[in-house]
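Visitor: attaching a predicted model along with its sequence, questions to come.
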Amino acid sequence: MDIRADDLSGEKIVALIQLHLNNMASISPPESCHALAIDSLRRPNIQVWSAWEEDDLMGCGALMRLDDMHGEIKSMRTAAQHLQKGVGAAILKHIIQVAQEQGLKRLSLETGSQVEFIPARKMYEKFGFIECPPFGDYVLDPLSVFMTKTLE
């Protein structure tokens, strides 16, 4: 698996992000859906990575810098044909490493509280993320779970 920085210009990554957005919209109402569209992911404070097996896109994830010490995990998605292969874990590990190298002291994320998000929450817990109150611009929402991890 090759994890590389992605400029979001390729049709495969655009399609995966659109699939992600469509899926999130099918699970959560608009006020509880916090997935970012392609244009929003192209902001200067966001870095995106994609995982590849030769020319097959396996998944993606992003790091949004909230301030000098705090980052947010965004747009974590594994392509359906690559589920249960450790793609999400590999991307998350990469993002954590980059965040540490950049001097961030905390990583946080928002994910859903619905049953569809149980595998994601379990993966985050394995990496040391714990539930926390809303951060940044988020507000309490019964459909959201907020998690955070202190970095070394």
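Guide: Sure thing, it's come through.
Visitor: show me the biggest helix of this structure in terms of residues.
Guide: Of all the segments of type helix in the chain, defined by DSSP state H, the longest one is helix 11-27.
Visitor: immediately after that one, which helix or strand?
Guide: Sequence-wise, the next helix or strand downstream of helix 11-27 (DSSP states H and E) is helix 38-41.
Visitor: return the set of buried residues in that following helix.
Guide: residue 41 (16 or more other C-beta atoms under 10 Å). Bear in mind the C-beta positions are built from the backbone N, C-alpha and C, glycine included.
Visitor: packing partners for it?
Guide: Judged by 3 or more C-beta pairs under 8 Å, 6 or more residues apart in numbering; DSSP states H and E, the packing partners of helix 38-41 are helix 11-27.
Visitor: work out the gap between the helix it packs on and the centre of the chain.
Guide: 13 Å (C-alpha atoms, centre = their mean, to the nearest Å).
Visitor: what is that helix packed up against?
Guide: On a contact count with 3+ C-beta pairs under 8 Å, 6+ apart, helix 11-27 meets helix 38-41, strand 46-53, strand 56-65, strand 70-78.
Visitor: name the residue most distant from the centre of the chain?
Guide: Note on the chain: the largest C-alpha distance from the chain mean falls to residue 54, namely 22.3 Å (C-alpha atoms, centre = their mean).
Visitor: look up how far residue 150 lies from that residue.
Guide: 37 Å (C-beta to C-beta, to the nearest Å).
Visitor: and what of residue 111?
Guide: Distance from residue 111 to residue 150, counting by C-beta to C-beta: 18 Å.
Visitor: the more surrounded of these two?
Guide: Ranked by neighbour count (other C-beta atoms under 10 Å), residue 111 and residue 150 place residue 111 first, with 21 against 10.
Visitor: distance check, the more buried one against residue 53.
Guide: Counting by C-beta to C-beta, the gap from residue 111 to residue 53 is 25 Å.
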